[in-house]
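Colleague: coords below, sequence missing:
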């Protein structure tokens, strides 16, 4: 039998989480008004700021999940991941989550650079699997 677990993450920006979900081909479930969404765990429901339906997750990743997945922001701004324990202990899910975390970090960095006055100019995949990001200062004449 599976149960819903909550795992703290290094994430703190729901917009970047939502964009990362979409970039991985998944459909984020959320309310435009900011209200929490009700997601279905294996045998219990849980509340999340952003969810991913079990069906959508399994279609896209080909990984099995007993319930929906979710992300919920804590009062301190940090974001926790919510999912079933069987999925979270799967090494293939660990690989997916690692890639997702890299996507999130990239989105967060681009957003922070934009807030400092720089816009992403180019993104190049490196041979080592990393990403080289180039920025231009916003507002400068070209």
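Modeller: Arrived safely. Computed from a predicted model, the values in this text were never measured in an experiment.
Colleague: so what does the helix or strand bottoming out on mean pLDDT in the chain touch, helix or strand wise?
Modeller: Within the chain, confidence by mean pLDDT, DSSP states H and E is lowest for helix 85-88 among all helices and strands, at a mean of 85. Here helix 85-88 touches strand 4-8, going by 3 or more CB pairs under 8 Å, 6 or more residues apart in numbering; DSSP states H and E. (Glycine included, C-beta is placed from N, CA and C.)
Colleague: next helix or strand past the strand it packs on?
Modeller: Following strand 4-8 in sequence order, the next helix or strand is helix 14-23 (DSSP states H and E).
Colleague: what's the average pLDDT for the helix or strand following that next one?
Modeller: Counting by DSSP H and E, the next helix or strand C-terminal to helix 14-23 is strand 37-40. Mean pLDDT, computed over strand 37-40, is 93.
Colleague: Adjacent strands (with direction) for strand 37-40?
Modeller: Paired neighbours of strand 37-40 in the sheet (DSSP bridges): strand 45-48 (antiparallel).
Colleague: got the contact list for the partner strand?
Modeller: The contact list for strand 45-48, computed with CB atoms under 8 Å, 6 or more residues apart in numbering, reads 4, 36, 37, 38, 39, 70, 71, 72, 82.
Colleague: Isn't the third one up against residue 52?
Modeller: No. With contacts defined as CB atoms under 8 Å, residue 37 does not count as touching residue 52, sitting 10.5 Å away.
Colleague: can you point me to the longest helix in the protein?
Modeller: Longest helix of the chain, by residue count under DSSP state H: helix 91-115.
Colleague: Packing partners of the helix or strand that it is followed by?
Modeller: Moving toward the C-terminus from helix 91-115, the next helix or strand (DSSP H and E) is strand 118-125. Helices and strands touching strand 118-125, by 3+ CB pairs under 8 Å, 6+ apart, are helix 91-115, strand 131-137.
Colleague: Could you check the angle the longest one makes with helix 14-23?
Modeller: Between helix 91-115 and helix 14-23, the angle formed by their directions is 130 degrees, by axes from the mean of the first three to the mean of the last three CA atoms, to 10 degrees.
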